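Compute the structure for the input listed below.
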Amino acid sequence: MLNTRDILELKSLGKGLDTDTTFLVAINAFAAASQIEKINILVQKRMIELFCFDSISEQVLFAEKARESLLKSLSIIGTPKALNAIDAVCTGVGKKVKDAISSKPLRGDEIKDYDKMFLRGKALFDELYDKQGKFKLILIYYSFKNYPDVTNLVLTDFYGKLMAEERILNRIDTELCFIGALVPLNVPLQLKSHTLGAARFGASELAINAALKIAKLIVTKHM
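Numbering: from 1, shown residues only. I've put the predicted structure just below:
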């Protein structure tokens, strides 16, 4: 069970992050750790906070960010965990907010254009890893050596269709959420890569360290 003291402790580590992003990082870490019920509690808490300070529009925006962050993290934590976490978010926001969220897909017909998505994904991949020569070479080597199909799938579907979409969640917050998701998975190479990527996209050192601390606390105390 996640209590008020636990949530305050998580928030205290979020220096360098806005409150929404602090919650989003924690949600993605809990999703990776299969702590779905704690996501529901976190979302309920954030809904109460936003209700006290603003209209339903801010609640809806947070709910949309949470869903989008988990959809993007599907490429990291896997489909079952992502779907269960999205369900926990939609349950946690309550019926009024859930009904106010747009029922239209964010990604439209443009994602059916394979060539366009491949080029969009490759552009993001190259930008992310431009200053990460070692990591880019390792990723390309793994892809082509072990299974060439991985390259097209990752660039088109993960980078092109998921990660490059920024209308709800920008690339900095996306990378910070990925940091949250990667820590519980214990994958040092990918964590290092996305930590460097977050910095590459403009995240401050303070924000990156905050995301790491939040995720590490979840691993040590809540798994």
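
Can you spell out the domain ranges of this structure, please?
Domain assignment for the chain, taken from automatic domain parsing, gives 4-104+168-186+204-222, 107-164.

I'd like those as JSON lines, with mean neighbour count appended.
The C-beta positions use only the backbone N, C-alpha and C, and glycine is treated the same way. JSON lines is the format used below for the domains of the chain (neighbours: other CB atoms under 10 Å):
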{"stretch": "domain 4-104+168-186+204-222", "mean neighbour count": "20"}
{"stretch": "domain 107-164", "mean neighbour count": "15"}
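
Okay, and V43 sits in which element?
Secondary-structure assignment from DSSP states H and E places V43 in helix 36-53.

Could I have the CA atoms of that helix written out in PDB?
Extracted as PDB, the C-alpha positions of helix 36-53 are listed here (Å, rounded to 0.1, in the frame of the first residue of the first chain):
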ATOM      1  CA  ILE A  36      -0.200  -1.500 -10.600                       C
ATOM      2  CA  GLU A  37      -2.300  -0.800  -7.500                       C
ATOM      3  CA  LYS A  38       0.200   1.900  -6.500                       C
ATOM      4  CA  ILE A  39      -0.300   3.700  -9.800                       C
ATOM      5  CA  ASN A  40      -4.000   3.900  -9.100                       C
ATOM      6  CA  ILE A  41      -3.300   5.500  -5.700                       C
ATOM      7  CA  LEU A  42      -0.800   8.000  -7.200                       C
ATOM      8  CA  VAL A  43      -3.200   9.100  -9.800                       C
ATOM      9  CA  GLN A  44      -6.000   9.500  -7.300                       C
ATOM     10  CA  LYS A  45      -3.700  11.700  -5.200                       C
ATOM     11  CA  ARG A  46      -2.800  13.900  -8.200                       C
ATOM     12  CA  MET A  47      -6.400  14.300  -9.100                       C
ATOM     13  CA  ILE A  48      -7.200  15.600  -5.600                       C
ATOM     14  CA  GLU A  49      -4.300  18.000  -5.800                       C
ATOM     15  CA  LEU A  50      -5.300  19.400  -9.200                       C
ATOM     16  CA  PHE A  51      -9.000  19.600  -8.100                       C
ATOM     17  CA  CYS A  52      -8.000  21.900  -5.300                       C
ATOM     18  CA  PHE A  53      -6.100  24.300  -7.500                       C
END
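
Average pLDDT for that helix, rounded please.
Summarised as a single mean, pLDDT over helix 36-53 is 91.

How far does it sit from its chain's centre?
17 Å (CA atoms, centre = their mean, to the nearest Å).

worst average pLDDT in the domains of the chain?
Looking over the domains of the chain, mean pLDDT reaches its minimum on domain 107-164, with a mean of 83.
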